[in-house]
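Colleague: Prediction below, plus the sequence it came from.
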Amino acid sequence: MSNNTDHVVNEDITGRIVNSDITIMSIDGEDILALFREARLDVVISGEDVSLPDDEWIQRKQGQKDWQFACSKLIKMAPVFVGMALNGAFCVVQCDIGGIPFRGTGMIAGVTLATGDPQVEGVVVISARNAPAFG
């Protein structure tokens with residue numbers, strides 16, 4: 001077990017981080033930690049071509065950065081993501097997937113409701129303003 005009091009990582013037999021290591025997951029203040037099934041945080045950095053006409057190989061530098069958060073969770077009583085999407089306002093995403101705290105302001109780009117046993121809802125949040133905070 002880690003000595004860091006801010007984030008305790010459970011070490012299983014394989015030494016991997018598991019879902020029970022996630023300590024925060026919320027969208028627009030709605031705590032979904034106990035109900036989430038899976039989540040993904042994607043960070044994309046574009047590469048800008050800075051090659052000169054005589055360069056044999058393409059030369060690049062880092063360009064604009066973007067992030068996207070997607071998750072699915074169990075529906076308890078009623079779905080919550082549809083209302084957030086219809087509201088149309090910006091929302092704050094917080095999570096610590098992989099042991100790295102993340103906080104970013106985005107907008108809901110899509111919602112999924114899926115039948116089954118149990119029923120689940122999914123959401124995709126894309127970056128909308130300012131740089132997110134990591135750590």
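Modeller: That came in fine, so what should we check first? Numbers count the residues shown, from 1 in each chain.
Colleague: any idea of the pLDDT on the residue sitting furthest away from the middle of the chain?
Modeller: Here the chain reaches farthest from its C-alpha mean at D54, the gap being 41.2 Å by Cα atoms, centre = their mean. On pLDDT, D54 comes in at 96.
Colleague: One more: S20?
Modeller: Reading off the model, S20 has pLDDT 66.
Colleague: Then N3?
Modeller: 43.
Colleague: What of the one 3 residues further on?
Modeller: At D6 the predicted local distance difference test score is 51.
Colleague: follow-up on the earlier one: quickly find the element holding the residue farthest from the centre of the chain.
Modeller: Here D54, judged by DSSP states H and E, is contained in no helix and no strand.
Colleague: for the protein, which spans come out with low pLDDT?
Modeller: Applying pLDDT under 70 to the chain flags residues 1-20.
Colleague: Can you show me the helices along it?
Modeller: 81-87 (DSSP state H).
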